[in-house]
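# Pasting the sequence and the predicted coordinates here, then a few questions.
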Amino acid sequence: MMAVFICALLAGQVARVSGTNTAEYHLKVAEAYVQKHNYDQAIPELRLALKLKSDSKEAEGMLGEALLAQGYIGEAIPHLERAQRLDLLGIALAEDHHTAQAIQTLLAALAKEPNNPDLLFYLGKACGFLSKSSFGRLVDVAPNSARAHQLMGESYNAQQKFDLAEREYRKALELQPDLHGVHLELGRMKQGAGDLEAAEVEFRAEAKLSPGDGEVAWRLGSVLLSEGHTQEALKQLQRSDELRPEMIETLYDLGKALEQENQLPAAEKAWLQLIKLGPHTPLAVSAHLELSHLYRREGRAAEADSQLQQFREMSKTKPAD
């Protein structure tokens with residue numbers, strides 16, 4: 001034992017003489033451990049580095065990262081705060097259920113790294129937790145309110161339990177007839193079920209409540225177009241395009257309505273704009289086919305063939321949504 005003690009003392013003296021007891025040395029050793037995900041060995045090295053140089057942001061950040069990786073979230077947070085590591089700090093705050101602070105921090109980190117998958121995942125997780133918490137509190141404190149019934153309707157709708165969803169939506173409207181968004185959801189449900197007349201009624205009701213909503217105008221125009229009410233559909237679709245420009249769903253239906261009203265140059269313009277805005281979307285594939293029909297109708301055979309060829313090529317691969 002005495003021999004081991006003497007060796008340890010000698011090792012310490014050698015370390016001091018050779019410069020291996022500096023903050024920089026321990027930081028480099030720790031960095032090598034971190035790169036190998038050997039956090040157990042990295043953590044004591046980083047603690048030594050901070051003991052020797054307490055203002056080292058690099059050591060603070062690396063220690064916070066190592067502690068977070070080992071699940072010591074509460075201990076990691078102050079180190080990450082001092083190092084201003086917003087990316088890892090946001091993740092740590094989300095894991096520690098400091099939801100509001102986590103969302104704010106993650107948004108700041110995403111401003112610098114908008115495509116970081118870890119940040120996007122944890123932001124979604126934090127927002128989902130906050131949403132679940134808020135909705136749970138809503139049902140607890142006001143179970144018979146219009147908003148609570150609307151929330152239950154949305155839950156049933158997501159589960160495709162449409163009868164139950166409609167029942168909850170109707171209760172919400174009984175309590176608060178001017179509740180925005182409920183008629184819209186009812187209209188979408190009816191349209192999905194193929195009941196266009198009922199969908200039209202709901203979309204008209206929503207349009208009265210939200211006259212400035214471009215999506216509502218599009219949905220009403222789309223249903224009217226499917227019902228064969230082309231002129232009225234065209235008015236709604238043009239209104240939608242004014243309220244919410246460059247919405248490709250509106251542009252597709254607008255082109256169809258314009259073609260049916262023999263306004264061929266305007267229809268062509270709408271479909272070409274759609275393709276420009278969303279060249280790889282399913283609607284762009286359909287727009288190429290519509291343009292081929294339009295050009296064939298105008299006697300523009302070469303352009304018709306070109307559009308048809310693009311339609312066929314794009315139909316072979318699944319376009320992006």
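Noted; the coordinates are in hand.
# L175 is in contact with P143, isn't it?
No - using CB atoms under 8 Å, L175 is not in contact with P143, being 11.9 Å away. Quick note: C-beta positions are derived from backbone N, CA and C, even for glycine.
# More neighbours: which of the two?
Using other CB atoms under 10 Å as the criterion, L175 and P143 rank with L175 on top: 15 against 10.
# how close does the more buried one get to A158?
21 Å (CB to CB, to the nearest Å).
# And L294, by the same measure?
39 Å.
# Likewise for L130?
18 Å.
# which one of these two has more residues nearby?
Ranked by neighbour count (other CB under 10 Å), L130 and A158 place L130 first, with 14 against 9.
# show me what contacts that one?
Contacts for L130 (CB atoms under 8 Å, 6 or more residues apart in numbering) come out as T99, A100, I103.
# at 10 Å what do you get?
Counting by CB atoms under 10 Å, 6 or more residues apart in numbering, L130 touches T99, A100, A102, I103.
# That one is in what secondary structure piece?
helix 117-141 (DSSP states H and E).
# Can you tell me what sits against the following helix or strand past that helix?
Where DSSP H and E defines the elements, the next helix or strand beyond helix 117-141 is helix 146-158. Here helix 146-158 makes contact (CB under 10 Å, 6+ apart) with 134-136, 138-143, 145, 161-182, 185-186, 188-189.
# switch to 6 Å and redo it
For helix 146-158, contacts defined as CB atoms under 6 Å, 6 or more residues apart in numbering pick out 135, 138-139, 142, 164-165, 168-169, 171-172, 175-176, 179, 182.
# Which positions in that helix come out as buried?
Neighbour counts over helix 146-158 (16 or more other CB atoms under 10 Å) mark A146, A148, H149, Q150, L151, M152, G153, E154, Y156, N157 as buried.
# try stretch 39-51
Y39, A42, I43, E45, L46, L48, A49, L50.
# Sort out which residues of stretch 177-189 are buried, please.
Buried, per 16+ other CB under 10 Å, within stretch 177-189: L179, G181, V182, H183, L184, E185, L186, G187, R188, M189.
# now, which of the residues you listed sits nearest H280?
R188 (25.0 Å; CB to CB).
# For the closest one, which three-state class applies?
helix (DSSP: H, G, I helix; E, B strand; the rest coil).
# State the distance from the residue most central in space within the chain to P44.
Among the residues of the chain, the one closest to the centroid is G124, at 7.5 Å (CA atoms, centre = their mean). Separation of G124 from P44 (CB to CB) stands at 35 Å.
# Likewise for V223?
The value you get for V223 to P44, if CB to CB is used, is 68 Å.
# Number of residues surrounding N21?
15.
# what sits against R239?
Counting by CB under 6 Å, 6+ apart, R239 touches A217.
# pLDDT score assigned to it?
pLDDT recorded at R239 is 96.
# Please, which helix or strand holds H180?
Going by DSSP H and E, H180 is not in any helix or strand.
# Enumerate every residue touching Y39.
Applying CB under 6 Å, 6+ apart, we find Y39 in contact with A66, A69, Q70.
# What sits closest to the second one if chain neighbours are left out?
Among residues not flanking A69 along the chain, Y39 sits closest, at 5.0 Å (CB to CB, 6 or more residues apart in numbering).
# And the one you found, what's its pLDDT?
91.
# and if you look at the one 3 residues further on?
Residue-level confidence at A42 comes out at 92, pLDDT.
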